[in-house]
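A.B. asks: I would like the atomic coordinates for the input below:
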Amino acid sequence: MTATGASALLVCLTLCAAAIAMTWLLSLRTREYPWVDRSWSLLPPVYLWVFAGAGGLTDPRLVLMAVLGTLWGAQLTVNFARKGGYRPGGEDYRWAALRRRMSRRRFALFNAVFISGYQNLLLLITLPAWVALANRRTPFGAADLVAAVLFLGFLVGERVADQQHWDFQRSRRVHRARGGTDPGFLRTGLFGYSRHPNHFCEIAQWWVMAGFGAIAAGTWLQVGSLGAVLLTVLFVGSIAFTESISVSRHTGYPASQHQVSVLVPWPPRRAATGAVGASGASGASAGDDPVRRGGP
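C.D. replies: Alright, predicted model coming up:
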């Protein structure tokens, strides 16, 4: 590790430690638990620019990674804000569901270890930039350009999925206000091929980011891949919990689970009894979280 790389990593770790402490203390003070969600799209671009700055802002790979991470962060921040995530009480419904399932002591431990700790430690998703900083002698080339195109493609996919879900939720509220049957959950557009297309695109973007580290280091077997692995594990667990709630709220959701891929977009299986666009019930849309940070 070079002195420059060590200094940049130390800065990021210090910021991460401060974020862990701040989000935990704010959750205790306010009795709200979306503080990590509120910082989720803001901190990774900062970490990426720290590494790019350590390279003097002259390394094309590092600067490209920081720019792509900033585009990701800006998109998720806007989507989170319009869903009310930054307003008081703008909490992901799953935290409330977890509080109902856990004792007060267990949830307090969960808050400290997982919500404030583990999720902030996912600064690891930006470590490919640290790997790229340590391997600046690897020339910038066609593989980097391909990775950039892939990242942008998944970024657009996430934007489309978020917009489709936003439009569905707005029309759903209007429909219910007029006394109509609750359409329940989204089954059209990208959600007809994946039950969580935005989560798929989110995971894919950070695997592409890990790919930049792999290009620089010449192998996937380096620390830059760890963040993408841990993020994938986090999403898998988050999706499983979300779907357990969806099954309890939407009578038609088990059929959707049989017909539509859970994550990777894939042509749906043929329905046993006629195609159905949605199935009614109360509660949150099964297509995605009502207040989503972009992450789990």
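A.B. asks: Ile20 and Tyr118 touch, don't they?
C.D. replies: No. Shown here, Ile20 and Tyr118 do not form a contact pair, counting by CB atoms under 8 Å, at 9.5 Å. C-beta: built from backbone N, CA, C; applies to glycine.
A.B. asks: who has more neighbours, the two?
C.D. replies: In this view Ile20 and Tyr118 are compared by other CB atoms under 10 Å, and Ile20 has more residues nearby, 20 against 14.
A.B. asks: burial check on the nearest residue in space to the more buried one that is not next to it in sequence, number of neighbours?
C.D. replies: Distance criterion CB to CB, 6 or more residues apart in numbering; nearest residue to Ile20, sequence neighbours excluded, is Asn120 at 4.6 Å. Asn120 is flanked by 23 other residues according to other CB under 10 Å.
A.B. asks: and what of Pro265?
C.D. replies: The burial count for Pro265: 19, using other CB under 10 Å.
A.B. asks: how about it, what does it touch?
C.D. replies: Pro265 makes contact with Leu190, Tyr193, Ser194, Pro197, Phe200, according to CB atoms under 8 Å, 6 or more residues apart in numbering.
A.B. asks: wait, which of the residues you listed is closest to Trp24?
C.D. replies: Nearest to Trp24 among the contacts of Pro265, counting by CB to CB, is Phe200 at 30.1 Å.
A.B. asks: quick check: next helix or strand after the single longest helix found in the chain?
C.D. replies: Identified as the longest helix of the chain according to DSSP state H is helix 142-177. Using DSSP states H and E, the next helix or strand after helix 142-177 towards the C-terminus is helix 197-217.
A.B. asks: tell me the mean pLDDT for that following helix?
C.D. replies: Mean pLDDT, helix 197-217: 98.
A.B. asks: stretch 79-97 now?
C.D. replies: 85.
A.B. asks: just the endpoints, please. Distance across it?
C.D. replies: Start-to-end span of stretch 79-97 (CA to CA, to the nearest Å) is 23 Å.
A.B. asks: same thing with stretch 133-148?
C.D. replies: Stretch 133-148 stretches 17 Å from its first residue to its last (CA to CA).
A.B. asks: so in this structure, where's the weakest helix or strand by average pLDDT?
C.D. replies: Counting by mean pLDDT, DSSP states H and E, the chain has its least confident helix or strand at helix 93-101, which shows a mean of 84.
A.B. asks: so which elements touch that one?
C.D. replies: On a contact count with 3 or more CB pairs under 8 Å, 6 or more residues apart in numbering; DSSP states H and E, helix 93-101 meets helix 104-110, helix 226-249.
A.B. asks: now do the buried residues in the longest one.
C.D. replies: Residues of helix 226-249 classed as buried under the neighbour-count rule (16 or more other CB atoms under 10 Å) are 227-228, 230-232, 234-235, 238-239, 242-243, 245-246.
A.B. asks: and that helix, what does it pack onto?
C.D. replies: Checking 3+ CB pairs under 8 Å, 6+ apart, helix 226-249 ends up next to helix 93-101, helix 127-134, helix 197-217, helix 253-259.
A.B. asks: ok, 7 Å please
C.D. replies: helix 93-101, helix 197-217, helix 253-259 (3 or more CB pairs under 7 Å, 6 or more residues apart in numbering; DSSP states H and E).
A.B. asks: next one: the first one to chain centre, how far?
C.D. replies: Pointing back at helix 93-101 there. 19 Å (CA atoms, centre = their mean, to the nearest Å).
A.B. asks: related to what we said a few turns ago, pick the one among the buried residues of helix 226-249 closest to Pro34.
C.D. replies: Of all the buried residues of helix 226-249, Pro34 sits closest to Ser238, with 14.3 Å by CB to CB.
A.B. asks: state the pLDDT value of the closest one.
C.D. replies: At Ser238, the model reports a pLDDT of 92.
A.B. asks: and it, how far from Leu42?
C.D. replies: Distance from Ser238 to Leu42, counting by CB to CB, to the nearest Å: 20 Å.
A.B. asks: also Arg269?
C.D. replies: Per CB to CB, Arg269 is found 39 Å from Leu42.
A.B. asks: how about the helices in the stretch 1-150 of the chain?
C.D. replies: Shown for the stretch 1-150 of the chain, the helices assigned by DSSP state H, counting those that start in this stretch span residues 3-30, 35-40, 43-54, 60-82, 93-101, 104-110, 127-134, 142-177.
A.B. asks: these: which one's closest to Val208?
C.D. replies: Val208 sits nearest to helix 142-177 of all those, at 4.5 Å, using CB to CB.
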